[in-house]
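Trainee: Following is a predicted model, sequence given first.
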Amino acid sequence: MLPLLIAIAISIYLGLRTDQFLGSENLFNLIAQAMPLVITAIGQMFVVVVGGLDLSVGSLISFTTAILALDAPGYVTIPAVFLFAVLVGLSNGLVITRLNVHPIIATLAMQYVILGITRILRPVSGGTVPDIVIQSVGGTFLGVPMPVFWGVAVVLVAWKLLHGSRFGLHLFAIGGGVANGTPDAARNFGVPDRRNILLAYVACSCFAALAGVFLAGRIVSGDPNVGLLFELDAITAVAVGGTQLSGGIGSLQGTVIGALVLALLSNGMNLTNVSPFIQTAIKGGLLLLVVGLQTRKKIGL
Amino acid sequence: MSAIVKHPFLQRLLRVPPAYYVFAILLITLWIARPHMLNANIMGIFIRQVAPLGVLVLAQLLVMRVKSIDLSGGGIILLVNYFISSGIFPGASMPFFIGLSLATGTAIGLFNGWMIGKRRVSAVIVTLAVSIILVGFVQYLSSGKPPGDVPSYLNDIYNIKWGPAPVPVLFWFALTVVMALFLSKTVFGRYVTSVGENPEAAHFSGVPVERTVILAHTLAGFIAAVAALVQTASIAVGSVRVGLDLPILAVAATILGGVVFGRGEGGVWGPFFGVLSFALLFVVMTTFGIDDPGKLIAQGLIILLAAIFYGIRTSRSN
Amino acid sequence: QDTFLMDGVTAREGDNPVVETDKYKKDCPWTIGMSHFGVNANTWTVQVAHESEAAAAKNDCITKFILLDAGFDQKKQVADIEDLVAQNVDAIIVQPVTSTSADASIAKAVAAGIPVVLHTGRIESDAYTTEIQGGAEHFGKVMGDWLVNEVGADGKIWVLRGLAGHPEDTNRYNGLLQSLEGTNVEVIAEEHGDWQYDKAKNLCETLYLNNPSVDGIWSSGADMTRACVDVFKQFGAEIPPISGEGNNGFFGQWIRDGFKSVSAEYAPAQGAAGVRAAVALLEGKELKKHYDYNPAGWDVDKAKQYYREDLSANVWWPTELPEEKLQELYGKK
Amino acid sequence: MTCLVEMSNISKSFGGSKAVDGVSLKLMPGTVHALMGENGAGKSTLMKILAGVHQPDSGEIFREGRKAGFETPREALEAGISTVFQELSLLANLTIAENMFLGREPVTAFGTVDRARMRRETRKALAALGLELNPDILVSELSIAERQFVEIAHGIKADASVFILDEPTAALNAADVEVMNAQIRRLRDEGKAIVYISHRMDEIFGICDTVTVLKDGKLVATRPLSGMTPDSLIALMVGRELQDLFPARGKASTETVLDLEDFRIDPGSTPLSLHVNKGEIVALAGLEGQGQQQLLRSLAGLYPASTGTASIKGKTLPLPAPKASGIRQLQARKVGFVPEDRKEEGLFLGLSIAHNIAVGLSSVHGELSIAHDYRKAIAETMASMNIKASGPSAPVGTLSGGNQQKVLLGRYLAAGLDLLLIEEPTRGVDIGAKAEIYKLLRSFADEGGAVLVLSRETIELIGLCDRIYVVHGKAIVAELPAETATEHQILNAALSA
Ligand SMILES: Nc1ncnc2c1ncn2[C@@H]1O[C@H](COP(=O)(O)OP(=O)(O)OP(=O)(O)O)[C@@H](O)[C@H]1O
Ligand SMILES: Nc1ncnc2c1ncn2[C@@H]1O[C@H](COP(=O)(O)OP(=O)(O)OP(=O)(O)O)[C@@H](O)[C@H]1O
Ligand SMILES: [Mg+2]
Ligand SMILES: [Mg+2]
C-alpha cells in the first residue's frame, strides 16, 4: 500500500506545485511515458512470482523495434515479433527448467545473444515503423489517446492470467515453494511446475515484445539500444510494487503502481525543473525509501 | 540419458564448476591459434586487465553465499574514482585516498548490510538503489567539478611487475588466498555456510544470522573499495562512467565459478577461474577479430553453455 | 548579414531556406528548454551541458534555462521534450539521442509554436526550425585523410571505434571509409572501445600483444587515443601515427611525447551556439535552416596554443566557458 | 477381489545405496495397510514411487490389474492415488482453501478459479476433522498441528481410491489422532485402500488390518495384524526382541539448573513456576496448543512478551529474551534449544553431518576465531548415537528421518551443555532409534545434565521423565511424578483444569 500512498503524495504535490501537471495533455503524456515500463514490469512479474528473473527483456525490446523497423509490411513483422518473443521465452524457460540453469545466468546470456543479433540487424537507429503501429500508439480513438486503451487491455489480460486463472494460482504456488526452499512442493500437489514456469517466461517475453511494439510506435524507428537497462527498471517497479523477489507473493495492482511511481517521479522532476545533475540521486533515494520501509520476514534477494 | 548422467565418474566431473572447463577450453584454443601468446609476460598483462573484476568477485561471492547479492559495487567504484580524480581533495596523499576509499566502501557496505540483515529489505533493490544514488551523487558532484587526472603514482604502482607477474595480479591472487583461508578456517566462514544453506536452522543453532549478513555486506563494501582502487589505478583519467558493468559481470563470474545463491560448491577458486575465463574470452575474441555483435553473441552462448553443462548435474533426473 | 553562432560554423551552401524572421519573435524574458542526449556519458558531454548553461546565464533575457538529461534513453528524450512542451517554454534545444526517435516529439513542439534548435546530431525529418551540424563523417574523414597520408597507400591500420550502436560512431566510421576508398590501406583490426579509457586500454593491449606491427591507428576520439598511446609507452614501443580529439589531457601527452597525430575538432562550445541560435530566433534575427560545422584538423602547433598545463585532463577544446568557470570546474588546485 | 494397486519387485537406489530393494506390495480395497520399519527402511521412498515423485530403477506397478507408471505426482493423482507426504509440504504463501484445491481447482464458467466453491468445500472438509478455520487465512499463520490437519484434509479429500498417509500423526496429539482415525475408518468402509505409515504402535494396532514390514529396503513380511502383538511386530522390524524401551530412571540431585518464578508466557496469562534439577528429565505435557511450546520458546526469545524471572544455575536470564540473540544467550549459559521442526529449523539438509554437528560447537566462539574441525568429537557422536551414514561428510538430507533426528540431537549432546530444552525428541523416529535416543538423554542426565522436554506422545513422557508438569491455558495445572503417572491421569489433569 505504501507505493500507492507515495504515488498519491507525488501527484498531490505536483498538482499543487505546478499548473501543468493536472492538465489533460500532461496526464496523457504521463500514461504514454509510463506504458512501456508498465507493460514490461507486468511481464517481469510473472517470472518474479515463480522466484525467477528475466534480464533479457531489455534486449528483446530493442530487438522488437529493430524488426518492426525493417522494410517489411506490418502483417509480417508484427506476428514475427511475437513469434520470436515466444521462442525467446521458450528457450529461457527450457534452459531454466529442464537444464537447471540459474535464471540470472540463463537470461543474462540470452540478453547478450539478442543484443548481438539486434546489432547485426540494425547497427544504428533508423528505419520506418509500420503505420499501423504508429497509429495505434500515437493516435486517438473516440477522442481518447490510444495509450489509455493499451493500459486497460494489458491490465485486463494480465489480471486474467495472474489472478483469474488456474495458471496464475499455480505460479504463486510454485513461487511459494521456491521461496521456502522446497521447490518441489507445488509439483507434489500435481501442479505441472516446469511447464508453468516455462509459460511464465513465455508470458514475460511476450509482454516485453508488446512493450517493444509500443516503444517502436513512440520513437517511430528501430533502435538497438532503446531497451538498454530496461530490465532493471522493470525489476525495480515490480519490487517497489511489493512483490517479493524470492517468489510467491505479489499483486498486479502493486506492480502497476510501482511502475507509475517511477514514471511519476521522472515526469514530476521534469515539471518542477529539478537539475538533471541531481535527478538520478533523487530517484535512487526514493527507491530506497519506498523499499526500505517495506520490511519482510526473510533476509536475502 | 539419465543413466549416463548418474554415473559416479561423470557426476564427479559435473560437480567441477564450469569455470574450470571454460578456462581450459579457451586456453587450448589460444594454444592452437596463437601459441606465442601463451607466455607468462603476455598472460600476466591479460590477467591484469581483469584484476579489478577479480577483486570485486570476492565481494560478490561472499554475499552470494549468504543468499544475498550486491549490485552497489559499480557505484562504489565510480565514487572512489571520482574522489581520487576530481581534485576535490587538493594535495591529498596516497594514504589519505586509500583510507578515505576504504572507509567509504566499508560504510556503504555496512549500510547495505544493515538494510538487508536488520531491516530485511530486498538485497537486489537496496544495493541497486545505493548504486543509483552513488552514481547520481557523482553526477551531481561532477556538475560542480568534473573528474580530471588520477595521480600518477597510482598508475605507477599498477605498472610494477614482479618477475613476469604484474603487481595487481599478485595482489588479487593474495587477496583470494586470504579470502579462501578466511572462509574455510574461521568461525565466520562456518557461519556464512550455515546462513547460506538455511538461515532458520542457522538461527536455531546459535549462529548470529543478522550479524553474519551485515558483516558479509560490510566486508563486501570494503572489498569493493579495494576493487575501486585497483580499477582507478589501472586508468590514468577520471571518468563519469567507469566500472558500471562490473557488478553484473561479477555475478556472472561467480555463478560460472559454481557459487549460486546460498550454495558455495565452487568455493573461492571457482569464481577466481570464472574471472580468468572472462579474461581469456575477451582475448580470444579480440584475437579472432570477432566484431562487437559477434562478441556479444559468443559471450552469451559461452556463459549459457557452461551453465547448462553445470546445470545438467543437478537436473532432476529421477 | 549572417547571425554569428560560433567560430567555424557556416550556413550550408545550396538549398538552404531562411527561417521566417519574426515568426518566433517574443519579448524578453524567455524560458528556454534543452533536451541533452546524455550528460553523463563522458566528460565531453558534461562540458556541453556546462557550456549551454553558461551561455544562457550570460544572457539576461533568459530567466530560466531548463536542462533535461535523457541519459541516452530515447524514450526518456521523447518524454523530456513532451514535458518541455507541456511547460510552454519559449524555445527548445535538442541534442537528439538518435536520428529518428525524437522526430515525433520535435514535430509536436513545432506544431505547438515552439521553435526547435537542433545540434550535435541529425534527425531524419526536417520538422525542426534550425540546425547546427558538425562532427560525424567530416570528423572521421579529417582523421582518415591524415592517417592515409601518414601510413601510405598500403599501410596496415587498427580502427578503434566508439560506442556500438551510437550514430556518431557509425558516422565517424563512415568518414574513415570515405578516406580509405581507392587506397590499399588494410584494416587489420577493428574494435569498439566505447570512447572510454579503460576499454580502449584493454583493447590496445590485446591487439598489441597479438601482433605489434601496425602502421597507424584510427581512433574515433574521446579518451581512446590517450589510452592507446599509454599502451605503446608501457611496452616501450614506438607510437604509430594515431588520430585524436581536442582534449587537454591528450594535448599534454601529444606535446610531451611528440608522436604523430592529428586532432579533429568538435567543440563542446556547440552547446553555447545552440543557445545563441535559440536567442536569435526569439529576437527575430535572420537565421538559415541549416548550419554546418566542418573545421579542419589541428596539428600539434595549434594544440600548443590551446593546451593549459594548469587545467585538468578533462577540458575539451575549443571552449567558450569564461576563465573563472574553467578554473572552478577544471582548476588543478 | 482384485487389488487396487500392486507394486511388484520395486527397486530404487540413490547414488549407489539401495533405498528400496525388490519390494512387492498389494493394496486391497477396504483395508488399512500399515507400512512399518526402522528409520531409513525405505517406507517413504516406496510410497514416493507410488505417488510419482520418484521413478523406480526396476519393477512394475499395476493399477487395478493394468500396468501403470507415474512420471509425475500429477499422473499418480489422476490415477486416483492421493498422498500425504511425510515432510510437511503445504505452501505457506497460499490460503488454506488454495492449498486444499491446488492442482485441481474448480473453475467458473468464465474460466476463473471458483473461489466460492473452494471456500465452501474447504470449510466442509475441515469441519469433518473437527477444525474451525477460516479457509482464507494463509497457511503461514497456522501452527504445525493445524498444518498437519490441513495436509490430511487435503490428502483424504481427493476423489481417489488409494490414500497414502506417511506419518500423518507425527505432529498430532492423542485426541487429534482419534479424529483422524475416524476419517480413515470412513474411507476404509467406503472401500478405499489406505497405506498408513507410523512409528506409534497404538495407532497401528488401533486402525490397521495388514502390516508390511521393511528392513534395509527389503521386504521382511506382509501379515494380517490380527495375529500379531506389538512385541512380535517390533521383533519383525528390528530382527530381535526389544528389551526395554525406556532406560531406568536416575537419581536427581537437589541442585537447581533452571528456575522459573512468577513467569508469564503472555503478559496476561497466569504466572507459573517450575524448576529443573541437575540429573533430572522434566516433561511439559498437555493438549496441543496450550502453551507448552510457547513457554519453551519464549526462553529462547522466539516469543517476545514473557515476563517474570528465569534463572539458570542461579544466574538470572533477562526477560523477555531478545529475538535475534536469544538462542546465543542461552548457549552462553550452556543451555541448548532443540527445535521440533528439524527440516526447517534444525538441520542444514544440504550440508554434511560434520557441519551440522560442528556448527553448534563453533557458534559459541567469536567470528574471527579459528573454526576447528572437531573431527574426534564428531566421530564419537556418530558412533555413540549409532548414526547410519556413509561417513561424516554425507549430506544430512540424504539420511532417513530418524538418523536426521539423531544428528540434530548429536549437535547438542556433543556441545557439553548443562541444560537441554527439547521439543519432540523423537518426532518421526522408529522404535529402535527411539530407545537409543531415550538412553542417550538419560545418560546425559546421569552425567549431570538437566532436560526439559515436551512431546505429544504422553507415553514417551511418562517413560522417559522424572517429573511431569501438565500445562493448560498457558499455566501449570498439575505436577506429577512420572513413575506413577498414567496417561489417564495426565489427560484428566489437562481437561479438568
Ligand atoms: N494457454 C495457456 N496459457 C497459460 N497457462 C496455461 C494454458 N493452458 C494451460 N495452462 C496451465 O497449464 C497447467 C495445466 O493445465 P491444463 O489445462 O493442461 O490441465 P488439464 O490437463 O486440463 O488438467 P485438469 O483436468 O485438472 O484441468 C495449468 O496450470 C494451466 O493453468
Ligand atoms: N532424495 C534422496 N536422495 C538420497 N537418498 C535418499 C533420498 N530419499 C531417501 N534416501 C535414502 O533412502 C533410504 C530410505 O529412506 P526413506 O525416507 O524411504 O526411509 P523411511 O523408511 O521413510 O524412514 P523414516 O521412518 O525415518 O522416515 C535412506 O537411507 C535415505 O537416506
Ligand atoms: Mg519416511
Ligand atoms: Mg520418519
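Mentor: Received it, and whenever you're ready, just let me know what you need. Ligands and ions are numbered 1, 2, ... in the order given.

Trainee: list the contacts for residue 139?
Mentor: Just going to use chain A. A:P145, A:M146 (CB atoms under 8 Å, 6 or more residues apart in numbering or on different chains). Heads up, the C-betas are built off the backbone N, CA and C, glycines and all.

Trainee: let's do chain C instead
Mentor: C:N171, C:R172, C:G175, C:G221, C:A264, C:Y266.

Trainee: repeat for B:V57
Mentor: By CB under 8 Å, 6+ apart, the residues touching B:V57 are B:A250, B:A253, B:T254, B:G257, B:P271, B:F272, B:G274, B:V275.

Trainee: mind checking how far the second one is from B:V240?
Mentor: This means B:A253. Here the criterion is CB to CB, to the nearest Å. By it, B:A253 lies 25 Å from B:V240.

Trainee: try D:P29
Mentor: 77 Å.

Trainee: So between these two, which is more surrounded?
Mentor: Summary of the neighbour comparison: D:P29 and B:V240, criterion other CB atoms under 10 Å in any protein chain shown, with B:V240 having more neighbours (23 against 16).

Trainee: What pLDDT is listed against that one?
Mentor: Residue-level confidence at B:V240 comes out at 79, pLDDT.

Trainee: Next, the contact list for B:S131, please.
Mentor: With contacts defined as CB under 8 Å, 6+ apart, B:S131 is in contact with A:G284, B:L71, B:S72, B:G73, B:G74, B:G75, B:P247.

Trainee: let's go with 7 Å and repeat that
Mentor: Counting by CB atoms under 7 Å, 6 or more residues apart in numbering or on different chains, B:S131 makes contact with B:L71, B:S72, B:G74, B:G75.

Trainee: what about the first one, how many neighbours?
Mentor: Using other CB under 10 Å, B:L71 has 25 neighbouring residues.

Trainee: Can you tell me the element it falls in?
Mentor: With secondary structure defined by DSSP states H and E, B:L71 is part of neither a helix nor a strand.

Trainee: what's the closest non-adjacent residue to it?
Mentor: Using CB to CB, 6 or more residues apart in numbering or on different chains and skipping the chain neighbours, the partner closest in space to B:L71 is B:T127 (4.3 Å).

Trainee: Kindly report the same for the third one.
Mentor: Computed as CB to CB, 6+ apart, the closest residue to B:G74 that is not its neighbour in sequence is B:L244, at 4.3 Å.

Trainee: Which of the helices or strands spans the one you found?
Mentor: Using DSSP H and E, B:L244 sits within no helix or strand.

Trainee: do you know how far it is from ligand 3?
Mentor: When distances are taken as CB to the ion, to the nearest Å, B:L244 and ligand 3 turn out to be 51 Å apart.

Trainee: Would you confirm that that residue contacts B:G75?
Mentor: No. Taking contact to mean CB atoms under 7 Å, the distance of 8.3 Å between B:L244 and B:G75 leaves them out of contact.

Trainee: neighbour count winner among the two?
Mentor: Here B:L244 and B:G75 are compared on neighbour count by other CB under 10 Å; more neighbours surround B:G75, at 28 against 17.

Trainee: So the more buried one is in contact with B:V135, correct?
Mentor: Yes. Taking CB under 7 Å as the definition, B:G75 is a contact partner of B:V135 at 5.4 Å.

Trainee: counting contacts, what elements does the helix or strand hosting D:I378 pack onto?
Mentor: For D:I378, the host element (DSSP H and E) is helix D:375-384. Applying 3 or more CB pairs under 7 Å, 6 or more residues apart in numbering or on different chains; DSSP states H and E, one finds that helix D:375-384 makes contact with helix D:353-362.

Trainee: any idea of the mean pLDDT in the helix it packs on?
Mentor: Computed over helix D:353-362, the mean pLDDT rounds to 92.

Trainee: neighbours of the residue of the stretch 101-250 of chain C at minimum distance from chain D, just the number please.
Mentor: When you check the stretch 101-250 of chain C against chain D by CB to the nearest CB, the closest residue turns out to be C:D198, at 35.6 Å. Using other CB under 10 Å, C:D198 has 24 neighbouring residues.

Trainee: got it, and the one 3 residues further on?
Mentor: The tally of other residues near C:K201 (other CB under 10 Å) stands at 24.

Trainee: what secondary structure does it sit in?
Mentor: Reducing the assignment at C:K201 to three states with DSSP: H, G, I helix; E, B strand; the rest coil gives helix.

Trainee: pretty sure it is touching C:V231, no?
Mentor: Yes. In terms of CB under 7 Å, C:K201 counts as a neighbour of C:V231; the distance is 6.0 Å.

Trainee: Could you confirm whether stretch D:335-344 reaches chain B?
Mentor: Yes. Stretch D:335-344 is in contact with chain B by CB under 7 Å from any CB of the partner chain, via D:F337, D:P339, D:E344.

Trainee: What pLDDT is listed against the residue of chain D at minimum distance from ligand 4?
Mentor: Using CB to the ion, the single residue of chain D nearest to ligand 4 is D:G401, 2.9 Å away. Reported pLDDT at D:G401 in the predicted model: 77.

Trainee: and it, how far is that from B:A202?
Mentor: Here the distance between D:G401 and B:A202 works out to 21 Å (CB to CB).

Trainee: thinking again about what came up before, pipe the contacts of B:V57 into CSV and attach pLDDT and distance to ligand 4 per row.
Mentor: What follows is the contacts of B:V57, written out as CSV (pLDDT from 0 to 100; distance: CB to the ion, whole Å):
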residue, pLDDT, distance to ligand 4
B:A250, 91, 43
B:A253, 89, 42
B:T254, 89, 37
B:G257, 88, 37
B:P271, 93, 38
B:F272, 95, 42
B:G274, 92, 40
B:V275, 94, 45
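
Trainee: Now the phi/psi pair for residue 72, please.
Mentor: Went with chain A since none was named. Note on A:A72: its backbone torsions stand at phi -140, psi 150 [degrees, to the nearest 10].

Trainee: try chain D instead
Mentor: According to degrees, to the nearest 10, the main-chain angles of D:T72 amount to phi -140, psi 160.

Trainee: Against chain A, how distant is it?
Mentor: If you measure D:T72 against chain A using CB to the nearest CB, to the nearest Å, the figure is 7 Å.

Trainee: Near that residue, how many other residues are there?
Mentor: Summarising burial for D:T72: neighbours were counted as other CB under 10 Å, giving 19.

Trainee: which residues does it contact?
Mentor: Under the criterion of CB under 7 Å, 6+ apart, the contact list for D:T72 reads A:R187, D:G52.

Trainee: center of chain B, which residue is that?
Mentor: The structure's chain B has its C-alpha centroid closest to B:V57; by CA atoms, centre = their mean the separation is 1.6 Å.

Trainee: could I get the helix or strand encompassing that one in PDB with only the CA atoms?
Mentor: Under the assignment given by DSSP H and E, the secondary-structure element containing B:V57 is helix B:51-65. Written as PDB, here are the backbone C-alpha positions of helix B:51-65 (Å, rounded to 0.1, in the frame of the first residue of the first chain):
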ATOM      1  CA  ALA B  51      42.200  -7.700 -11.700                       C
ATOM      2  CA  PRO B  52      39.500  -5.200 -10.700                       C
ATOM      3  CA  LEU B  53      36.800  -7.600 -11.600                       C
ATOM      4  CA  GLY B  54      38.600 -10.400  -9.800                       C
ATOM      5  CA  VAL B  55      38.700  -8.400  -6.600                       C
ATOM      6  CA  LEU B  56      35.100  -7.400  -6.900                       C
ATOM      7  CA  VAL B  57      34.100 -11.000  -7.400                       C
ATOM      8  CA  LEU B  58      35.500 -11.800  -3.900                       C
ATOM      9  CA  ALA B  59      32.900  -9.300  -2.600                       C
ATOM     10  CA  GLN B  60      30.200 -10.800  -4.700                       C
ATOM     11  CA  LEU B  61      30.800 -14.400  -3.800                       C
ATOM     12  CA  LEU B  62      30.800 -13.500  -0.100                       C
ATOM     13  CA  VAL B  63      27.400 -12.000  -0.200                       C
ATOM     14  CA  MET B  64      26.000 -14.600  -2.600                       C
ATOM     15  CA  ARG B  65      27.000 -17.300  -0.200                       C
END
